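Participant: sequence first, predicted model second:
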Amino acid sequence: MRYSKFFIPTLKEVPAEAEIASHKLMLRAGMIRKIASGLYTYLPLGLRAIRKVENIVRQEMNRSGAVELLMPLVQPAELWKESGRWDHYGKELLRFKDRHGRDFCLGPTHEEVITDLIRKHIRSYRDLPLNLYQIQTKFRDEIRPRFGLMRAREFIMKDAYSFSATEESLDEIYQTMYKTYCRIFERCGLDFRPVEADTGSIGGHASHEFMVLADTGEDDIACCTKCNYAANTELAEVKKLQQQEPFAPGSEALKKVSTPGRKTVEEVTEFLNKKANDLIKTLIFLADEKPVAALVRGDHEINEVKLKKVLGAEELEMAGAETVEALTGAPVGFAGPLGLPDDVKVVADHSVAYMKDFVAGANEKDAHYTGLNWKRDLDVVSTHDIRVITEADPCPRCGAPIEIKRGIEVGHIFKLGTKYSEAMGATFLDSNGKEKPIIMGCYGIGIGRTVAAAIEQNHDERGIIFPVPIAPFEVIISLINVKDEKMSLIAKKLYDTLFENGIEVLFDDRNERPGVKFKDSELIGIPFRVTVGKKAVEEGVVEVTDRRTMKTELVAKEDVLQRLVSVLHD
Ligand code: ATP
Ligand code: MG
């Protein structure tokens, strides 16, 4: 491939819209261009990297025994109504009508379509198990598309769906997918961790996310410093303190104090000369439209995933300012457990049971209580684990300290069970001729996000440093002077030799200054550069530069192929 004929519109300036390294670099290296929020064109270089990841995914999925198919992006509403998700998926599902007025949506995922296919063709346990996958475009109308391909609206996903007759068979496929995902992300050159994302009520862990460790990740992961426990903080369990007496009496008298304009935990505690853990934060939510007050200690964060589970709610949202005022009689910032109307359900975190003489809002503008105590001032409430784990909490498995790390979710494996097969009537006959719902699993990988995550982990101040397996090209030949015929001939011959030997090589034959060529080759991150300059003509040697170390060695032109083969495959 000749650089002069290839389309690589690199940018000198860092585009203002990009916040994180991978997004900036993918734009600067001419890999992607935005056409509208969350919608990108994959330029030739970007597409090559994407295809590399797709191919690794395809090879490993095929090796695992999964079978590829391709389903449509546009899906009829009827199937989504059958599964119940037409009403529950929310605004990420882009819906529209066709010319006949029928409802359709753009597929954010394909459980409905594949369950429909399977229910029409699977009859007996003998037809099972089956694991089908596709690599295809998805659309999700994300509320906040950002970071380029990391969180796009239109993006490429590998999604697989497995169908089993027994739980054991699902377990087996799940384990195979787990191992397959590890191999895929290893082959992509990523530093990643499988992380527990959900603990099923029966049968162990129902879900794992594959997280690439990076400070710019959107997910927080609780990692044990001793055992191999790692879980998304959305789900990481907080162990209840056992040693103390809950709801024990304090010593201070209850007082209502004026806190003019002090609303946040910091403002109130600083004003009252207290610590954040002396205060109870009262957060007002609407759970299936009913008001709920969630109580957590001032230095803790509420965990909405846990709260939603505790409440058994379908929908949970923070109440707006008007609702808070209508319910508590005070603007946002002054809610508290004492004096809340009876129709507001109170749910408290375990840790608040161990607080005494605490501060809380007085449900009155510019006022808080101090010296609040359980039993004397407030009825005892039932407590639950509704907060986010912190580094002060112990590992829920072994008790050792926890570390919170940031991660990018590149893959997700999930035991679905019979949710879709029951809703949509996908059944089979077991060996006794009894009709049963098929047991399902689903397994996703974000292809574009994987490329972005790889760049997030592999770059320096010069640009991208592609891991060889996903690099758009393995080698770039930089011809120093295109006007020098002898030099050009050597470069061209070298290019032909590498090409014929199956090395993916980009030939920088542009009439540009060497500095420009070097800068571009470093920005676009091709793992090895072969520089053909004066020495090639005079002494028959070229320079081979390793992009990662930026170390250069002189190699006789006859030995270049052998040298590259050995470094590329090492
Ligand atoms: P997230 O929590 O990041 O929104 P998700 O839980 O919605 O992800 P899944 O439905 O499990 O994601 O989708 C499978 C994979 O698809 C994810 O692991 C991720 O790699 C990728 N993915 C999901 N949403 C996007 C997006 N908006 N842009 C790019 N890739 C995405
Ligand atoms: Mg999502």
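Facilitator: Yes, it's here. Ligands and ions are numbered 1, 2, ... in the order given.

Participant: closest residue of the chain to ligand 1?
Facilitator: Ligand 1 sits closest to residue 446 of the chain, with a gap of 2.3 Å, by Cβ to the nearest ligand atom. For every residue, glycine as well, the C-beta is placed using N, CA and C.

Participant: tell me the pLDDT at residue 136?
Facilitator: We note a pLDDT of 97 for residue 136 in this prediction.

Participant: and if you look at residue 17?
Facilitator: Residue 17 carries a pLDDT value of 87.

Participant: tell me which element it falls in.
Facilitator: Using DSSP states H and E, residue 17 maps to neither a helix nor a strand.

Participant: ramachandran angles for it?
Facilitator: In terms of degrees, to the nearest 10, the main-chain angles of residue 17 are phi -70, psi -20.

Participant: how about it, nearest residue that isn't a chain neighbour?
Facilitator: Closest residue to residue 17 apart from its sequence neighbours, by Cβ to Cβ, 6 or more residues apart in numbering: residue 34 at 7.2 Å.

Participant: can you give me the neighbour number for the one you found?
Facilitator: A count of nearby residues for residue 34, using other Cβ atoms under 10 Å, gives 17.

Participant: for it, which residues make a bridge with it?
Facilitator: With DSSP bridges as the criterion, residue 34 is bridged to residue 40.

Participant: distance of it from residue 238?
Facilitator: Distance from residue 34 to residue 238, counting by Cβ to Cβ, to the nearest Å: 40 Å.

Participant: do the same with residue 82
Facilitator: According to Cβ to Cβ, residue 82 and residue 238 sit 38 Å apart.

Participant: when these two are compared, which one has more neighbours?
Facilitator: More crowded of residue 82 and residue 238, by other Cβ under 10 Å: residue 238, with 23 against 16.

Participant: would you agree the more buried one is in contact with residue 392?
Facilitator: No: the pair residue 238 / residue 392 is not scored as a contact, 10.1 Å apart, by Cβ atoms under 8 Å.

Participant: could you look up the SS state of the residue most central in space within the chain?
Facilitator: Per Cα atoms, centre = their mean, the C-alpha nearest to the average position across the chain is that of residue 409, at 2.6 Å. Three-state assignment for residue 409 (DSSP: H, G, I helix; E, B strand; the rest coil): strand.

Participant: contacting residues for it?
Facilitator: By Cβ atoms under 8 Å, 6 or more residues apart in numbering, the contact list for residue 409 reads 209, 210, 211, 217, 218, 219, 446, 449.

Participant: around ligand 1, pick out the residues from the chain.
Facilitator: 109, 140, 142, 151-152, 155, 157, 409-412, 444, 446, 448-449 (Cβ under 6 Å from any ligand atom).

Participant: farthest pair within those?
Facilitator: Maximum pairwise distance among these (Cβ to Cβ): 18.1 Å, between 142 and 411.

Participant: just among the contacts of residue 409, which is most surrounded?
Facilitator: Greatest neighbour count in those, by other Cβ under 10 Å, goes to residue 211: 30 neighbours.

Participant: is it true that that residue touches residue 218?
Facilitator: No: with contact defined as Cβ under 8 Å, residue 211 does not reach residue 218; the gap is 10.4 Å.

Participant: any residues in contact with both of those two?
Facilitator: Both residue 211 and residue 218 are in contact with 408, 409, where contact means Cβ under 8 Å, 6+ apart.

Participant: distance between stretch 33-44 and the chain's centre?
Facilitator: Taking the mean of its C-alpha atoms, stretch 33-44 sits 20 Å from the chain's own mean (Cα atoms, centre = their mean, to the nearest Å).

Participant: give me the buried positions along it.
Facilitator: Counting neighbours by 16 or more other Cβ atoms under 10 Å, one finds that the buried residues in stretch 33-44 are 34, 38, 40, 42, 43.

Participant: so how far is the first residue of it from its last?
Facilitator: Distance across stretch 33-44, first residue to last, is 11 Å (Cα to Cα, to the nearest Å).

Participant: who touches that stretch?
Facilitator: Residues from elsewhere that reach stretch 33-44 (Cβ under 8 Å, 6+ apart): 6-9, 17, 27, 30-32, 50, 142, 145, 148-149, 151-154, 448.
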